[in-house]
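>>> Below are the sequence and a predicted model for it; my questions follow.
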Amino acid sequence: MAAELSFGHNLRAKKKEVLTSAVSFLPWAQGCFSALPGCTTERPGGGIEAPPNAQTVDFKDAPARMLGVALHEYGSPHQFKVQLCALPRELRDSEVLVQVHAASLNPTDARIRSGSLQHLCPLSLPVILGFDCAGVVAKAGPASGFTAGQQVYGRQTLERIRESNGTYAEYVVLDGQEVHTKPQNLSFEEAAAVPFSALTAFAALCTAGKLSYKND
């Protein structure tokens, strides 16, 4: 069963208040909050170089930085730290910037966090993990197929986790092909639990069940 991290609108208050309230939604984060070098706006080198066709995202009504749950060392869940991180500022034409309302935890997240997949899925630490989420489109690239304000759910890729951040944050940039409109009969928490689990079930139907399909 997936567990959810939900970022309420009350987390967009003064950052001192934000940090105090943020750790309350993760009981194991009590006492382990600290700012991590390498995940802040003061990161040496300035982070990822913008691609030639990237847009600059304008956050007129958003804070200068966002909250994220970053992994500093492989190990137990206590290695996660709630902290302030740089907002994703660059957006390719095919990408969507999502304001995250819920993010789900799945077995792959746990294995990456523990370090058991570090040779198969190498990452530079600290890193913000998370593959699945649901939320509202804050900004959409012209070739993404989405518009601002749409309620969506989607899946992050490992490449984009390396470039920017995963879904354990207030904002995340997703490939438009990995995003879908959220069904009205699903809550954000329910929709966030769908992507990775659905792909796993579909893969089982195709392999064990010999289901044939067309990718069109």
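Here it is on my side, so go on.
>>> Just checking: what are the partner strands of the longest strand along the chain?
Longest strand of the chain, by residue count under DSSP state E: strand 95-105. According to DSSP bridges, strand 95-105 has the following sheet partners: strand 3-6 (antiparallel), strand 132-140 (antiparallel), strand 171-175 (antiparallel).
>>> With distance to Thr207 and mean neighbour count added, can I get those strands in a markdown table?
The C-beta positions use only the backbone N, C-alpha and C, and glycine is treated the same way. Output for those, formatted as a markdown table (distance: least, CB to CB, whole Å; neighbours: other CB atoms under 10 Å):
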| stretch | distance to Thr207 | mean neighbour count |
| --- | --- | --- |
| strand 3-6 | 27 | 17 |
| strand 132-140 | 21 | 25 |
| strand 171-175 | 25 | 24 |
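>>> Could you tell me the least trusted of those strands?
Among the strands paired with strand 95-105, strand 3-6 carries the lowest mean pLDDT, a mean of 41.
>>> give me the low-pLDDT residue ranges for the chain?
Scanning the chain for pLDDT under 70 picks out the ranges 1-64, 213-216.
>>> Which stretches in it count as helices?
Secondary structure of the chain (DSSP state H): helices located at 15-22, 107-114, 158-163, 188-192, 195-207.
>>> can you list contacts of the second one?
With CB atoms under 8 Å, 6 or more residues apart in numbering as the contact definition, helix 107-114 has outside contacts at 71, 74-77, 79-80, 117-118, 121, 123, 129-131, 196.
>>> what sits against the residue nearest to Val127 when sequence neighbours are not counted?
Leaving aside its sequence neighbours, Val127 sits nearest to Leu71 (CB to CB, 6 or more residues apart in numbering; 5.6 Å). When the contact criterion is CB under 8 Å, 6+ apart, the partners of Leu71 are Gln79, Phe80, Lys81, Arg113, Leu125, Pro126, Val127, Ile128, Leu129.
>>> before we move on, the earlier item: could you work out which of the helices of the chain reaches nearest to Leu91?
Set against Leu91 and scored by CB to CB, those come closest in helix 158-163, at 11.7 Å.
>>> and the closest one, what does it pack onto?
Applying 3 or more CB pairs under 8 Å, 6 or more residues apart in numbering; DSSP states H and E, one finds that helix 158-163 contacts strand 127-128, strand 171-175.
>>> Give me the neighbour count for Gly75.
Using other CB atoms under 10 Å, Gly75 is surrounded by 12 other residues.
>>> which residues does it contact?
Counting by CB under 8 Å, 6+ apart, Gly75 touches Arg113, Ser114, Gly115.
>>> do Asp175 as well
Ser94, Glu95, Val96, Thr157, Arg160 are the contacts of Asp175 under CB under 8 Å, 6+ apart.
>>> Now list the buried members of those residues.
Buried by 16 or more other CB atoms under 10 Å: Ser94, Glu95, Val96, Arg160, out of those.
>>> export these to CSV and tack on distance to Val137?
Shown next, in CSV, are the buried ones among the contacts of Asp175 (distance: CB to CB, whole Å):
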residue, distance to Val137
Ser94, 14
Glu95, 11
Val96, 6
Arg160, 16
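>>> of these, closest to Ala140?
Proximity of those to Ala140 was ranked by CB to CB; the top entry is Val96 with 5.0 Å.
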